[in-house]
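Colleague: prediction below, plus the sequence it came from.
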Amino acid sequence: MRIVVLVKQVPDAGDAPAYAADLTVDRAGARPSGVLDAADGCAIEQAMRIARLRIDVHVTVLTMGPSQAAHTLLAALALGADDAVHVCDEALHGSDALATSRVLAAALRKAGYDLVLCGAASSDSGMAVIPVMLAERLGVPAVCAADAVRVQENAITGFCSSPSDDELDEVACDLPALVSLTDRGIAPRTPAFPALAEARHKLLRRWSLADLGLDPAEVGLPGAGCRVREVEDRRAHGPVVLDAHADPAAAARAVADFLTDRHFV
Amino acid sequence: MTDMCSPMPSTDAVLVLGARTPHGGLSRAAAESLTAARRVGTPVAVLCDPADARTRAELAGLGARRVLQATAGEIDSLACAARHLRPALILLTGGGEHTEIAARLSVRLEAGIVTDVVALARGDDGITVIQETCGGRVRVRSTITHSPAVLMIRPGAFPAESAPEHDAQPLPPVEELCVARGTAARTPRLVRRTPAHPLDRKLLTEADVVVAGGRGVGSAEGFALLAELAEVLGGCLGATHTAGELGWAPDHARISLPGAQIRPRLYFAGGVSGSVRHRAAIRGARTVVAVDRDPAAPILREADLAVVGDLRTLLPALLAELRRRARTRAASTDPYPADEPHAQPARPEQPEQPQLPQLPEPAEA
């Protein structure tokens, strides 16, 4: 059974992503703090737990990103994955969700899979649409936002909480299938030193767009459905400071305005 | 590549899914989508079940110019309508099953997808979209370059409003849409649904909104006010280590290292100075609002909105303000309450309602 875990390098939690001059998220730039997304870590741990219960499991981690994303693959290999695939091409820079799903689907077809695991939503963009888009492209059933997965011989069961959080759903489907996992799952263990050392000797394949048979015009910035004109980090200018000593009612209105503006009420 | 990727749309139609509530009325998501669609084009509603008179009246009131009725699933129907009409946009309201519809539609039509849209405008260089990512912290403005594009609007970003009088149509004609069924998406089957354990529901570490207090709250009674605020905002109550030690809040509510490490979309800190351990535990918070008496409190530097003031006067005022707004909203934005079919929106409080500008800047200091 082949399990492919899709991983993504994201800016470290707590930081808003830095943006490059062309307004794409700066994944290669000055901050080398790109880390494995938390939900992807849970997906790898889930794959390792399945692998421990069966003897026929092969776990591949797959990412698409600039050359720095290989660090994330190394981290994933240290967590126990068997080999890694890095889809890396200059033309991929600035790809939107549609192009990303096209590339990942091609890479998954080339790699072969019985079960695809991925994070439900990344911490940098959080669109949460890639899993469904991949399922649509590959024609496999998708279990979205599961907290855990159990694998039978030719089927899987996913455990998901309903959107309102007051019900737990147990859903099942046959393999091959795709499961997106939330970061509520089991967090990955900290790898031991031998695992870190071993990770460097595992197979890391680099595939370009030509290897996948894709047209560079369909991906990257030229293929994107919209063009980003402006990005504003609203915390970049420091906090907005209000003085509530003089007029608490006015300050309360300002706080309520702020909460309304950010869609919290 | 199909012909769907032509550079410009041939029409200014905006497709909206006319989803309905179980009671038969138009869902709030559909009403919000139609409100947003009116701003950038001609709204065309796609209905996936029979169009009764009530639905047609509601659609007309919200400004839908055409109603397409299909008998297939949502994804097939919207894809088919998009191929026929060549719309500029397809609008869906984010959250729930609409995310799946949007994602599958995007792949079928090879259309770009933009999520978390909070504002829409049509300008000289086409349609401009503003989205909020990173829990509302980062605001991205982009222009649509390929049509159609699938947009998922943020629920609540476009409060449902009836179309102005001159815009409202008598009753839009209902056109039958003949849908060629695509290959049905393979979906997992639901095996069992169990109610979640009450303790599993609102976990501090997973809450979207956390309201926390520290020593500055002053008393256990002060925490009761914070708990009220947490309820109004639909969040969880937390506390600092000190407040826990003082017995004002339960142990499991402690946000500290060691203790709960949280990553909510909104973190509201009242009377929290912001020790190193506390700040480390809230690193994952996306938007931080902090209220403290001391202008030099470290938490104020971490905040998006820092309020220097007395919690005991601010908190009741804030609670009153939020409740007043909730009442106004309930009265004004649900144009068609479920128990009154065909009722025109009763909006007696319209003049009093704070007219929020479309993109208000945070209040200046």
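Modeller: Happy to help now that I have it. Residues are numbered from 1 along each chain as shown, chains lettered A, B, ... in the order given.

Colleague: what residue, apart from its backbone neighbours, is nearest the residue in the stretch 251-365 of chain B positioned nearest to chain A spatially?
Modeller: With C-beta to the nearest C-beta as the measure, B:Gly309 is the residue of the stretch 251-365 of chain B nearest to chain A, at 2.4 Å. Just so you know, the C-beta spots here come from the backbone N, C-alpha and C atoms, and that holds for glycine as well. The shortest distance from B:Gly309 to any non-neighbouring residue, by C-beta to C-beta, 6 or more residues apart in numbering or on different chains, is to A:Ala244 (2.4 Å).

Colleague: contact partners for that neighbour?
Modeller: For A:Ala244, the contacting residues are A:Ala251, A:Ala252, B:Val291, B:Val307, B:Val308, B:Gly309, B:Asp310, B:Thr313, B:Leu314, by C-beta atoms under 8 Å, 6 or more residues apart in numbering or on different chains.

Colleague: which of these lies closest to A:Asp82?
Modeller: Among those, B:Val291 lies closest to A:Asp82 (C-beta to C-beta), at 51.4 Å.

Colleague: surely the closest one is in a strand?
Modeller: Yes: per DSSP: H, G, I helix; E, B strand; the rest coil, B:Val291 lies within a strand segment.

Colleague: tell me how many other residues crowd it.
Modeller: Neighbours of B:Val291 under the rule other C-beta atoms under 10 Å in any protein chain shown: 30.

Colleague: list the contacts for it?
Modeller: A:Ala244, A:Val255, B:Phe268, B:Ala269, B:Gly270, B:Gly271, B:Val307, B:Gly309, B:Leu311, B:Leu314, B:Leu315.

Colleague: sorry, back to before: would you list the contacts of A:Ala244 in CSV and tack on distance to A:Glu167, pLDDT and secondary structure?
Modeller: Formatted as CSV, these follow (distance: C-beta to C-beta, whole Å; pLDDT from 0 to 100; DSSP: H, G, I helix; E, B strand; the rest coil):
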residue, distance to A:Glu167, pLDDT, secondary structure
A:Ala251, 40, 89, helix
A:Ala252, 36, 89, helix
B:Val291, 35, 92, strand
B:Val307, 38, 91, strand
B:Val308, 43, 92, strand
B:Gly309, 41, 89, coil
B:Asp310, 42, 90, coil
B:Thr313, 41, 90, helix
B:Leu314, 37, 91, helix
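
Colleague: B:Ala64: which of the residues you listed is nearest?
Modeller: A:Ala252 (38.8 Å).

Colleague: host element of A:His71?
Modeller: In the assignment (DSSP states H and E), A:His71 maps to helix A:69-78.

Colleague: contacts only, for B:Ala303.
Modeller: Counting by C-beta under 8 Å, 6+ apart, B:Ala303 makes contact with A:Pro239, B:Ala269, B:Val288, B:Val289, B:Ala290.

Colleague: run through the bridge partners of the fourth one.
Modeller: I take that to be B:Val289. B:Val289 forms beta bridges with B:Phe268, B:Leu305, as assigned by DSSP bridges.

Colleague: was I right about it contacting A:Asp257?
Modeller: No: counting by C-beta atoms under 8 Å, B:Val289 stays clear of A:Asp257, with 11.6 Å between them.

Colleague: ok, what's across the strand from the residue of the stretch 1-150 of chain B found nearest chain A?
Modeller: Residue of the stretch 1-150 of chain B nearest chain A, by C-beta to the nearest C-beta: B:Gly112 (1.5 Å). Note on B:Gly112: beta-bridge partners B:Ala149, judged by DSSP bridges.

Colleague: pLDDT score assigned to it?
Modeller: Predicted confidence (pLDDT) at B:Gly112: the value is 90.

Colleague: returning to what we had before: by pLDDT, give me the weakest of the contacts of B:Val291.
Modeller: pLDDT is lowest at A:Ala244 among the contacts of B:Val291; the value there is 81.

Colleague: what about A:Ser162, how many residues nearby?
Modeller: By other C-beta under 10 Å, the burial measure for A:Ser162, its neighbour count, is 14.

Colleague: brain fart, B:Arg327
Modeller: B:Arg327: 11 surrounding residues under other C-beta under 10 Å.

Colleague: tell me what the helix or strand where it lies is packed against?
Modeller: Using DSSP H and E, B:Arg327 maps to helix B:311-332. Counting contacts by 3 or more C-beta pairs under 8 Å, 6 or more residues apart in numbering or on different chains; DSSP states H and E, helix B:311-332 is packed against helix A:248-261, helix B:220-232, strand B:287-292.

Colleague: before we move on, the earlier item: from the contacts of B:Ala303, which single one is nearest B:Leu319?
Modeller: Checking the contacts of B:Ala303 against B:Leu319 with C-beta to C-beta, the nearest one is B:Val289 at 14.1 Å.

Colleague: okay, now the unreliable bits of the stretch 51-200 of chain A?
Modeller: A:163-165 (pLDDT under 70).

Colleague: ok, residues contacting stretch A:196-216?
Modeller: For stretch A:196-216, the external contacting residues (C-beta under 8 Å, 6+ apart) are A:70, A:73-75, A:77-78, A:81-89, A:91-92, A:102-103, A:106-107, A:110, A:191, A:219.

Colleague: list the contacts for residue 145?
Modeller: As the question left the chain open, I've gone with chain A. Residues near A:Ala145 by C-beta under 8 Å, 6+ apart: A:Ala120, A:Ala121, A:Ala128, A:Cys160, A:Ser161, A:Ser180, A:Leu181, A:Thr182.

Colleague: wait, chain B
Modeller: A:Ala224, A:Gly225, A:Cys226, A:Arg227, B:Pro7, B:Gly112, B:Gly126.

Colleague: show me those residues that map onto strands.
Modeller: A:Cys226, A:Arg227, B:Gly112, B:Gly126 (DSSP state E).

Colleague: doesn't B:His146 make contact with the first one?
Modeller: Yes: applying C-beta under 8 Å, one finds A:Cys226 in contact with B:His146, separated by 7.5 Å.

Colleague: quick check: neighbours shared by these two?
Modeller: B:Gly112.

Colleague: for the stretch 151-265 of chain A, give the residue positioned nearest to chain B.
Modeller: Ranking the residues of the stretch 151-265 of chain A by distance to chain B (C-beta to the nearest C-beta) places A:Gly225 first, at 1.5 Å.

Colleague: tally up the residues packed near the residue lying closest to that residue once chain neighbours are set aside, please.
Modeller: Among residues not flanking A:Gly225 along the chain, B:Gly112 sits closest, at 1.5 Å (C-beta to C-beta, 6+ apart). Residues near B:Gly112, counting by other C-beta under 10 Å, number 24.
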